[in-house]
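J.: The sequence isn't on hand, but the structure is:
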């Protein structure tokens, strides 16, 4: 069965890139509504921005959506990962500014509040995108691909010059709450020198040690250090889940990424949906639903690494 939140879930905080404070509410929505943002600070024209791959405005720094009138919502990836990882199919997200709050740089606060508030079952079949053939997308050294698989799987590999990160790889079957247990509290990360360069260009204005994992060489500058020895690659997997959630339905297939940023995954989604021979949209039986991300997850499971 499809799901929505049982009642409004409220979040407030600054945006990582704009530095502006915003408030959002994840609201219950009806069957087959999908996920859609509503810019309540925009009073004239169309202020609805559906969370769809067709509305992506490509950026390597974050995932930004825009509707046909140019109304935008940016840095949606962590919230979208939480929604997908909690198994939410339908929600209206009211937001009073242009950027989703970054909170602690992960998705854990979104996940905890959604699960604490509760999930409502809706008596209608869940649809999913089943990958039928391998689809890949690359740019320079970075690439991502979808391959057929019975379960939703994410694999990711990264390589960074900072010794605190280095080369990391991880694969997870995303079925049955793996995201909630193992990925949702992994924070966005960057090197200190990158932060300074971005700020000189008017970017990352809301960034701080409280909402990002900051490293320099072999040193972790953020108080408390790493949450996991491989926290960076876990966060890349979190980002990937949030970005592929813009397919509009859960994806049953194996996503692999190598040094892939948001732009690579966005390009992969466009290539996937450019040819109907690449995929099939199915109505899920109970066994298939039980293997989707977020199926049956509980608040007690948050960040309980298997």
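T.: Happy to help now that I have it. Computed from a prediction, not measured in an experiment: that's the story for all the values here.
J.: helices or strands up against the helix or strand hosting residue 243?
T.: If you go by DSSP states H and E, residue 243 is part of helix 231-244. The helices and strands touching helix 231-244, judged by 3 or more CB pairs under 8 Å, 6 or more residues apart in numbering; DSSP states H and E, are helix 77-85, strand 153-159, strand 167-173, strand 189-191, strand 213-216, strand 254-258, helix 262-273. All C-beta spots, glycine's among them, are computed from the backbone N, C-alpha and C.
J.: In contact with residue 232, which residues?
T.: 158, 160, 165, 168, 186, 189, 213 (CB atoms under 8 Å, 6 or more residues apart in numbering).
J.: among the residues you listed, which two are most distant?
T.: The largest separation in the contacts of residue 232, counting by CB to CB, is between 160 and 186 at 14.9 Å.
J.: The two - which one has more neighbours?
T.: Counted by other CB atoms under 10 Å, residue 160 and residue 186 do not tie: residue 186 has more neighbours, with 26 against 17.
J.: what helix or strand is that one on?
T.: If you go by DSSP H and E, residue 186 is not part of any helix or strand.
J.: roughly how far apart are it and residue 126?
T.: Between residue 186 and residue 126 the computed distance is 26 Å (CB to CB, to the nearest Å).
J.: ok, now residue 289?
T.: 5 Å.
J.: now do residue 158
T.: According to CB to CB, residue 158 stands 32 Å off from residue 126.
J.: Ok, residue 249 next?
T.: The value you get for residue 249 to residue 126, if CB to CB is used, is 8 Å.
J.: that older thread, could you look over the helices and strands packed on helix 231-244 and pick the most buried one?
T.: Highest mean neighbour count among the helices and strands packed on helix 231-244 (mean count of other CB atoms under 10 Å): helix 77-85, with a mean of 28.
J.: so it versus helix 262-273, what angle?
T.: 50 degrees (axes from the mean of the first three to the mean of the last three CA atoms, to 10 degrees).
J.: contacting residues around helix 77-85?
T.: 24, 26, 35, 51, 62-63, 91, 93, 100, 102-103, 105-107, 110-111, 114, 174, 177, 179-180, 183-184, 188, 238-239, 241-246, 250, 262, 293-294, 297.
J.: Show me which of those residues are buried.
T.: Neighbour-count burial (16 or more other CB atoms under 10 Å) applied to the contacts of helix 77-85 gives 24, 26, 35, 51, 62-63, 91, 93, 100, 102-103, 105-107, 110-111, 114, 174, 177, 179-180, 183-184, 188, 238-239, 241-246, 250, 262, 293-294, 297.
J.: picking up where we left off before, what about the helix holding residue 243, average pLDDT?
T.: Confidence for helix 231-244, expressed as mean pLDDT, is 97.
J.: Can you list the strands that the helix or strand that comes right after it pairs with?
T.: Sequence-wise, the next helix or strand downstream of helix 231-244 (DSSP H and E) is strand 251-252. Sheet pairing for strand 251-252, assigned by DSSP bridges, gives strand 127-131 (parallel).
J.: List the buried residues in the strand it pairs with.
T.: Residues 128-131 are the ones in strand 127-131 that count as buried (16+ other CB under 10 Å).
J.: Tabulate these in a markdown table, adding columns for distance to residue 143 and pLDDT.
T.: Listed next are the buried residues of strand 127-131 as a markdown table, based on distance: CB to CB, whole Å; pLDDT from 0 to 100:
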| residue | distance to residue 143 | pLDDT |
| --- | --- | --- |
| 128 | 24 | 97 |
| 129 | 20 | 98 |
| 130 | 22 | 98 |
| 131 | 16 | 98 |
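J.: Sketch out the low-pLDDT regions of the stretch 201-306 of the chain for me.
T.: 201-205, 304-306 (pLDDT under 70).
J.: Kindly recompute the last result at 90.
T.: Across the stretch 201-306 of the chain, the ranges flagged by pLDDT under 90 are 201-212, 216, 221, 223, 294-306.
J.: Next up, the contacts around residue 274.
T.: Counting by CB under 8 Å, 6+ apart, residue 274 makes contact with nothing.
J.: For the stretch 1-150 of the chain, which segments count as strands?
T.: Listed in chain order, the strands of the stretch 1-150 of the chain (DSSP state E, counting those that start in this stretch) span 2-5, 9-14, 21-27, 35-39, 48-50, 56-57, 64-66, 72-74, 91-95, 119-122, 127-131, 135-139, 142-147.
J.: The ones you listed: which one's closest to residue 279?
T.: Taking the strands of the stretch 1-150 of the chain one by one with CB to CB, strand 127-131 is closest: 5.2 Å.
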